[in-house]
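In: With the sequence up front, the predicted model follows.
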Amino acid sequence: MSTIQALQSNSKLITEKWLLLQASEEGDFADAQTEEQKAEAAELVTSLVKSLTENSIDDPDSDAFSKVKENVGILSLSRARQGYSPRETATFILRLKEAMLEVLSSEITDAKQLYADSLKISKILDNIMINSFESFIKGREDIIMRQTDEITEISTPVIRVWDGVLALPIIGTLDSSRTQVVMESLLQQIVESESSIAILDISGVPAVDTLVAQHLIKTVSATRLMGAECIISGIRPEIAQTIVHLGIDLSGIITKATLASALRTSFDMLRYDVVKKSERKLATGA
Amino acid sequence: MEKIPILKFGEFLLVTIQVDLYDQLAENLEADLINLVRKHHSRGVLIDISAVSIIDSFMGRILVNIAKMSKIMDAETVVTGMQPAVAITLIELGLHFEGVYNALNIEKGMELLRSKIYNLDEDHDIYSSE
Amino acid sequence: MTFTVQNREEIAVTIEKDAIFFRNAVKTYATKISMGLLYQTKIITAASEIVRNLLKYGGGGKAMIETVTDGRKVGIRLTFKDSGPGIPDLDKAMSDGFSTGKSLGLGLPGAKRLVDQFDIRSTVGVGTTVTLLKWK
């Protein structure tokens, strides 16, 4: 019997062995596996043995395996999202190899043929595993990227503190991609709310170096191009020290120590007076 | 030849650019505006670019030129409604808008022009929302 | 680094109005890969600078738009080719404020700041090729 025939006629056995090996790996009983997982495994084995031909068995990169690779890829991707470990994902395919080689060894009696074909099957499955691993990593990377996006979005809220005054507290390090997001959402909000003043509060920024300062200056310049003014508040003493020591020129920018004083400056610019009720009564003589 | 329409509005000239700018069109605008400033003795020029999605260094320079030329002829220039993406791109490009005043929209631009020309409140003019 | 090209289009740029057509074509490609508005604006502005050089100094040429991927990221790659006189001193042309024409001299260095990858090759008497790449 040829290797291909042996594997194709035993696909059911391979599936069973594979499931058993997986179960022992997980320290579980075979019946802990869901019907869905079993069906998945059966389908994978069937499509794998079906794609084995006289030509494809010698070429692990053959297009015949693209369907199998795709399915394994999808499976690995979903495992990555479900939080499976890399080890679990790798063993998943390793056990399939084990199952196939086991079946092969009981079907093929000629030692020479068994060795040669086992090698071929191994190569094919190794190839599939590399593929599966790539998909797994990609799944993880997608999650990281989505989380990065979420963090950037969460961390840049634009608050409307007064009619015509926006405040944007920046928390965390201000790198160039972050600045990009900050600038974009700030300017967008300026347009939408028709605000003429924006306060950028950097109390939550751990350090200001030349690069961060440059980003701040860019944000202020862009705000001015839109026709609004930008005040930078929350400058802690140590930040003021670094700025001067580094020789950064912020003279063209309105800077304030606290958000409160920035707000006061905004009222000034808008020509609002903040007056205590009792004092107002006195002033109007009521 | 394609031209951007310029409206006379009292002492002001009003331009709203509604088409995609290209170099020749921008150069024509510069020439036309300056001629009209002289013809009408205009005191202010307002250019609304809220519909313009791309401004590169050349078109940016035309805007700066208009402002500088008008200034020599005793007229102030306000550019209004610049889109956020355009503003950020211009900063990244390294273009400085010296001599050009900016405002969020046409309404605020008009106020700004008036305050510039009649020297209303010298301290707070740019930020005034009244 | 190798890129896979997913989509490609070549546009001849010989008159100023072609620049607008080209800008719109880039926009269509950028929208197709759902590139954000800011990045779209940046690459189109950069392209606008290069197209101007192509028309002014290169006597017109060809502009190619491609959607490329490195397997993880998707982006837009633009290639501009002219058969003009070429640029004798690239370093000088790439520095801020240098201009042989009456422009601000922000064209090439400015365009470089707006994209993720910038490549310029020029041979005097043969022509200039500029490549811009912006990831989504």
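Out: Received, thanks. A quick note: this is a predicted structure, and the numbers were derived from the prediction, not measured.
In: near chain C, anything from stretch B:99-118?
Out: No. Judged by CB under 8 Å from any CB of the partner chain, stretch B:99-118 stays clear of chain C, getting no closer than 14.2 Å. All C-beta spots, glycine's among them, are computed from the backbone N, C-alpha and C.
In: and the lowest-mean-pLDDT helix or strand in chain C, is it in reach of chain B?
Out: In chain C, no helix or strand scores lower on mean pLDDT, DSSP states H and E than helix C:90-93, which sits at a mean of 82. No. Using CB under 8 Å from any CB, helix C:90-93 stays clear of chain B, coming no nearer than 14.1 Å.
In: Now that helix: buried residues?
Out: The neighbour-count check on helix C:90-93 (16 or more other CB atoms under 10 Å in any protein chain shown) flags residue C:93 as buried.
In: I'd like the next helix or strand past it.
Out: Remark: after helix C:90-93, the chain's next helix or strand is helix C:107-114, criterion DSSP states H and E.
In: Following the chain past that next one, name the next helix or strand.
Out: As assigned by DSSP H and E, the chain's next helix or strand after helix C:107-114 is strand C:117-123.
In: Just checking: what are the partner strands of the very next helix or strand once past that following strand?
Out: The helix or strand immediately downstream of strand C:117-123 is strand C:127-135, counting by DSSP H and E. In the sheet, strand C:127-135 lines up against strand C:74-82 (antiparallel), strand C:117-123 (antiparallel) (DSSP bridges).
In: Would you mind writing the CA trace of strand C:127-135 as PDB?
Out: Extracted as PDB, the C-alpha positions of strand C:127-135 are listed here (Å, rounded to 0.1, in the frame of the first residue of the first chain):
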ATOM      1  CA  GLY C 127      16.100  62.300 -15.300                       C
ATOM      2  CA  THR C 128      14.800  62.100 -11.700                       C
ATOM      3  CA  THR C 129      12.800  59.400  -9.900                       C
ATOM      4  CA  VAL C 130      11.100  60.200  -6.600                       C
ATOM      5  CA  THR C 131       9.300  57.600  -4.500                       C
ATOM      6  CA  LEU C 132       7.000  58.400  -1.600                       C
ATOM      7  CA  LEU C 133       5.500  55.800   0.800                       C
ATOM      8  CA  LYS C 134       2.900  56.400   3.400                       C
ATOM      9  CA  TRP C 135       1.500  53.700   5.600                       C
END
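In: and that strand with helix C:107-114, angle?
Out: Computed by axes from the mean of the first three to the mean of the last three CA atoms, to 10 degrees, the angle separating strand C:127-135 from helix C:107-114 equals 20 degrees.
In: what comes up buried for strand C:127-135?
Out: Within strand C:127-135, the residues that count as buried by 16+ other CB under 10 Å are C:127, C:128, C:129, C:130, C:131, C:132, C:133, C:134, C:135.
In: Return the member of the residues you listed nearest to chain A.
Out: residue C:135 (11.2 Å; CB to the nearest CB).
In: The closest one contacts residue C:72, correct?
Out: No. Using CB atoms under 8 Å as the test, residue C:135 is too far from residue C:72 to be in contact (9.4 Å).
In: need the contact list for residue A:253.
Out: Shown in contact with residue A:253 (CB atoms under 8 Å, 6 or more residues apart in numbering or on different chains): A:216, A:217, A:220, A:230, A:232.
In: count of neighbours near the last one?
Out: Looking back up the chat, that one is residue A:232. Neighbour count for residue A:232, taken as other CB atoms under 10 Å in any protein chain shown: 23.
In: Can you tell me which helices and strands the helix or strand harbouring residue A:87 packs against?
Out: Following DSSP H and E, one finds residue A:87 within helix A:86-107. Packing partners of helix A:86-107 (3 or more CB pairs under 8 Å, 6 or more residues apart in numbering or on different chains; DSSP states H and E): helix A:3-9, helix A:11-25, helix A:35-50, helix A:66-82, helix A:111-154.
In: Are the biggest helix by length in chain C and chain A in contact anywhere?
Out: The single longest helix within chain C, with elements called by DSSP state H, is helix C:37-56. Yes. With CB under 8 Å from any CB as the measure, helix C:37-56 is seen reaching chain A through residue C:38.
In: And stretch A:169-183, end to end?
Out: End-to-end distance for stretch A:169-183, by CA to CA, to the nearest Å: 12 Å.
In: so for that stretch, what's the average pLDDT?
Out: Looking at stretch A:169-183 alone, the average pLDDT works out to 83.
In: how about it, does it reach chain C?
Out: Yes. Using CB under 8 Å from any CB, stretch A:169-183 reaches chain C at residue A:180.
In: Please tell me how far that stretch is from the chain's geometric centre.
Out: From the chain centre to the centre of stretch A:169-183 is a distance of 18 Å (CA atoms, centre = their mean, to the nearest Å).
In: sorry, back to before: what's the helix holding residue A:87 in contact with?
Out: Taking contacts as CB under 8 Å, 6+ apart, the residues outside helix A:86-107 that touch it are A:1, A:3, A:6-7, A:10, A:13-15, A:17-18, A:21-22, A:25, A:44-45, A:48, A:72, A:75-76, A:79-80, A:114, A:117-118, A:121-122, A:125-126, A:128-129, A:132-133, A:136.
In: buried ones in that helix?
Out: Neighbour counts over helix A:86-107 (16+ other CB under 10 Å) mark A:89-97, A:99-101, A:103-104, A:107 as buried.
In: same deal with stretch B:71-80?
Out: Using 16+ other CB under 10 Å as the test for burial, stretch B:71-80 gives B:75, B:76, B:77, B:78, B:79, B:80.
In: do it and chain A meet?
Out: Yes. Applying CB under 8 Å from any CB, one finds stretch B:71-80 in contact with chain A at residue B:80.
In: residues in contact with that stretch?
Out: By CB under 8 Å, 6+ apart, the surrounding residues in contact with stretch B:71-80 are A:227, B:13, B:34, B:37-38, B:42-50, B:63, B:66-67, B:70, B:97, B:99-106, B:108-109, B:112-113, B:116-117.
In: Quick check: residue C:9 vs chain B, distance?
Out: Distance, residue C:9 to chain B, by CB to the nearest CB, to the nearest Å: 19 Å.
In: actually residue A:236, not the one I wrote
Out: In this structure, residue A:236 and chain B are 26 Å apart, going by CB to the nearest CB.
In: In the stretch 101-250 of chain A, what residue comes closest to chain B?
Out: Closest contact between the stretch 101-250 of chain A and chain B, by CB to the nearest CB, is at residue A:187 (3.3 Å).
In: neighbours of the closest residue to that residue other than its chain neighbours, just the number please.
Out: Spatial nearest neighbour of residue A:187, excluding adjacent residues (CB to CB, 6 or more residues apart in numbering or on different chains): residue B:84 at 3.3 Å. Neighbourhood size, residue B:84 [other CB under 10 Å]: 23.
In: confidence score at residue B:84?
Out: 95.
In: Was I right to think it contacts residue A:192?
Out: No. With contacts counted by CB under 8 Å, residue B:84 stays clear of residue A:192, the gap being 10.0 Å.
In: Please go through chain B and pick out the longest helix.
Out: Chain B, longest helix under DSSP H: helix B:23-40.
In: near chain C, which residues of chain B show up?
Out: B:20, B:22-24, B:53-58, B:61, B:83-86, B:88-89, B:92-95.
In: So among the residues you listed, which ones count as buried?
Out: By neighbour count, with 16+ other CB under 10 Å, those hold B:20, B:22-23, B:53-58, B:61, B:83-86, B:88-89, B:92-95 as buried.
In: Tell me which helix or strand residue A:166 sits in.
Out: Here residue A:166 sits within strand A:165-171, counting by DSSP H and E.
In: packing partners for that strand?
Out: By 3+ CB pairs under 8 Å, 6+ apart, strand A:165-171 packs against strand A:159-162, helix A:176-193, strand A:197-204, helix A:259-269.
In: looking at those, which is closest to residue A:84?
Out: Across the helices and strands packed on strand A:165-171, residue A:84 has its closest neighbour in helix A:176-193 (30.3 Å, CB to CB).
In: contacting residues for the residue found closest to residue C:80 once you drop the neighbours it is linked to in the chain?
Out: Nearest residue to residue C:80 in three dimensions, chain neighbours excluded: residue C:130, at 4.6 Å (CB to CB, 6+ apart). The contact partners of residue C:130, by CB under 8 Å, 6+ apart, come to C:50, C:53, C:79, C:80, C:118, C:119, C:120.
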